[in-house]
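>>> Fold the following for me, if possible:
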Amino acid sequence: MKNLQLFFASTILLSAGFGAHAQNNGNEQGMELGELQLHQDSVAVRDAFTGWWKDSQASLDERMAWYADAKFGCFVHWGAYSSLGGVWNGSAIGTYAEHVMRAKKIPLAEYKEKVIRTFNPVNFDADEWVRRAKEAGMKYFIVTAKHHDGFAVYHSDAYPYDMRLTPFSRDPMAELKAACVKQGLKFGFYYSHAFDWEHPDAPGNDWDTFDNGFTGGKNPGGDALHGSRDWWMNGTYKAFLTNADRYVNEKSIPQVIELVQKYNPDIMWFDTPHKLPLYQNIRICKALREAKTDVVINGRLARWGNYQLGDYANSGDRAAYLFPLEDPYWESIPTTNNSYGYSSADKSHKPPAHFIRLLETAASKGGNILLNVGPKGDGTWDAPDTLIYRAIGEWMNVNAESIYGTVRTNDIPIPNWGVITRKANVIYLHVHNYPKNGELWVGSLKATVTQAKILQTGELLTCTQHGKDLRLQVPTTAPDTASTVIALTIDGNYTAESQRLLDTKENNVLPTFDAILGGSPFSRGDGKNGYNYLHDWKDDSQILTWNVSVRETTSFEVSIAYNRAASSDEGTVVVEVDNASHEVSYNATTPASLFVAQIALTAGDHVIKLRGKTYKGSQYMRPFSVSLTPVNIQVIKKSLTFAE
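Numbering: from 1, shown residues only. Okay, the predicted model is just below:
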């Protein structure tokens, strides 16, 4: 139950006729903040809702205009840790490479001597970095000014633990800013405001012993969870608030203001606010907004419950699947492999098509992609990263018009073959699963199409209306195997219905992320590979619904892809197809793709629902998708837990 402070804050919010941006349920790194807990939180929220934050919302759309059009940005994690490549004393770490100091519990004095004082990126070339981003089709560039190790990758007079301690005499941030201005990209910083392993009064470093006046023990905010996760609620560790205030006053706020004054960034990106109590995060947010009223601020600076005081929402790290968000502006942050900082041991680079399709999907749902790269410590890029950026750029050279400036198309059903974007009177069909028979159907869309053209080749296509569906005659071989984009120029408005057209020749996957959700709230996995499920399914009111249609009577095999939260979980669920119910049970011995029934759908519209009947254990299954596979055809089923 929400406490009185949160109730009070919500009352202010509602009575004033405005609201902080609601966030998605994705598990961003370090973004799990709950109710208002401290009196200082309530004061800070009230101050924001009735004053500076409320005032800032009048210019939100103007501030976000360039961001909404850009769609695609470059994220760079780079610092002294990059020289290690995620390896310490011959041992690779099993987490993000930029966390090597924390993962290996490297004492601060040793880290300064062996990592900071030897950092010498002699091959760093700001113009080349920005050129690669621009050639990939990116419109904005965000780089780590200070990560969790506390080291400023620039010349910081506000807190001189910075590049001047290294053999490298130049200021990389100044050079990158100049390169972005010259090449026409928006520029900004990642700044770790709440998690700092250098400052003696900051949360995070729980392996060193600091002489900081705190008598309660080691610093909170680290892996050991001294004082618990919400250390400010612990009787002993509540005294550390004085220390944390000192850190925020001495380092975090001064450096944030310094970055604004020295480099005039267009955007600021923050992370892991759960290391500090909410009121301190809000103080930093307020100081930044006062320092630069038009700077764009991401959603990981000041957040609690379903609210945040930034300008846009963030999905979880490394999401491979994206669920619809109601936020007007949002962003997902994939990385080329599985680490954000350079990792010499991580060879898990995804193919360029993965990122192209993720970019298209984000645009179709109204969001942005901020694709991360982790350069090496000497300033060069790893060869696989260069190839990925180059391949994306080759695709963007032809198809960029289908991405930039587009708007979400949640009014048009998601097709089985890909996604759809739109800009003004042009609808773009992004075809991932290319039809083998030369026919591409766009379901539930009525429009007067004056031209249908493949962007890759310029070939004009025949497009005809058949009832409420469009039919295009396309080449039998895909012009682009990553994604073939077809531009439909329409005359006037279009009308769309809600039914997703089923393919009668290929497997149909209905993701739970895209289902209509009814009843008590579900939670969504964060979208990483294997985490694209719904969970917290615990009562009979919770129902998943998909509206579908089929052009001819077809028999399908129905199956469910799922996993279980606990090994002992078991139960029975029901797939309803119109008025027919099909029960299926699952337990520790049933397969991960569960056959439900064979059904026959007549030509027309149908409704498919997934509901629970009984379960034992922590909750019902965690479903990824429902599949409908036409009977008597040979298909290779699409992966249900990895983005293609």
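>>> for the chain, longest strand please?
Using DSSP state E, we find that the single longest strand of the chain is strand 604-616.
>>> Just the buried residues of that one, please?
By 16 or more other CB atoms under 10 Å, the buried positions in strand 604-616 come out as 605-606, 608-612, 615. The way it works is simple: take the backbone N, C-alpha and C, and place the C-beta from them, glycine included.
>>> what's the answer for stretch 556-571, then?
For stretch 556-571, a neighbour-count test (16+ other CB under 10 Å) marks 556-565, 569-571 as buried.
>>> Redo those as CSV? Include pLDDT, secondary structure and distance to residue 480.
Converted to CSV, the buried residues of stretch 556-571 look like this (pLDDT from 0 to 100; DSSP: H, G, I helix; E, B strand; the rest coil; distance: CB to CB, whole Å):
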residue, pLDDT, secondary structure, distance to residue 480
556, 98, strand, 30
557, 98, strand, 31
558, 98, strand, 32
559, 98, strand, 30
560, 98, strand, 32
561, 98, strand, 28
562, 98, strand, 33
563, 97, strand, 33
564, 97, coil, 39
565, 96, coil, 39
569, 97, coil, 42
570, 97, strand, 45
571, 98, strand, 43
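>>> With respect to residue 475, which of those residues is nearest?
Nearest to residue 475 among the buried residues of stretch 556-571: residue 556, at 27.8 Å, using CB to CB.
>>> mind listing what that closest one touches?
Going by CB atoms under 8 Å, 6 or more residues apart in numbering, residue 556 touches 502, 508, 598-601, 628-631.
>>> With adjacent residues omitted, what lies nearest to it?
Sequence neighbours aside, residue 628 is the residue nearest to residue 556 in space, at 4.1 Å (criterion: CB to CB, 6 or more residues apart in numbering).
>>> neighbour-wise, which of the contacts of residue 556 leads?
The member of the contacts of residue 556 that has the most neighbours, counting by other CB atoms under 10 Å, is residue 628 with 26 neighbours.
>>> That one contacts residue 504, doesn't it?
No: contact criterion CB atoms under 8 Å: residue 628 and residue 504 do not qualify, at 9.9 Å.
>>> So what's the residue count around residue 435?
Neighbour count for residue 435, taken as other CB under 10 Å: 19.
>>> wouldn't it be in contact with residue 417 here?
Yes: counting by CB under 8 Å, residue 435 touches residue 417, with 6.8 Å between them.
>>> hang on, the earlier thing: quick one: list the elements packing against the helix or strand following the longest strand of the chain.
Following strand 604-616 in sequence order, the next helix or strand is strand 622-630 (DSSP states H and E). Counting contacts by 3 or more CB pairs under 8 Å, 6 or more residues apart in numbering; DSSP states H and E, strand 622-630 packs against strand 508-511, strand 534-535, strand 543-550, strand 554-563, strand 604-616.
>>> for the third one, what is the average pLDDT?
The reference is to strand 543-550. Averaging pLDDT along strand 543-550 yields 98.
>>> who does it touch, helix- and strand-wise?
By 3+ CB pairs under 8 Å, 6+ apart, strand 543-550 packs against strand 500-501, strand 516-518, strand 604-616, strand 622-630.
>>> swap the cut-off to 7 Å and go again
Packing contacts for strand 543-550, counted by 3 or more CB pairs under 7 Å, 6 or more residues apart in numbering; DSSP states H and E, involve strand 500-501, strand 516-518, strand 604-616.
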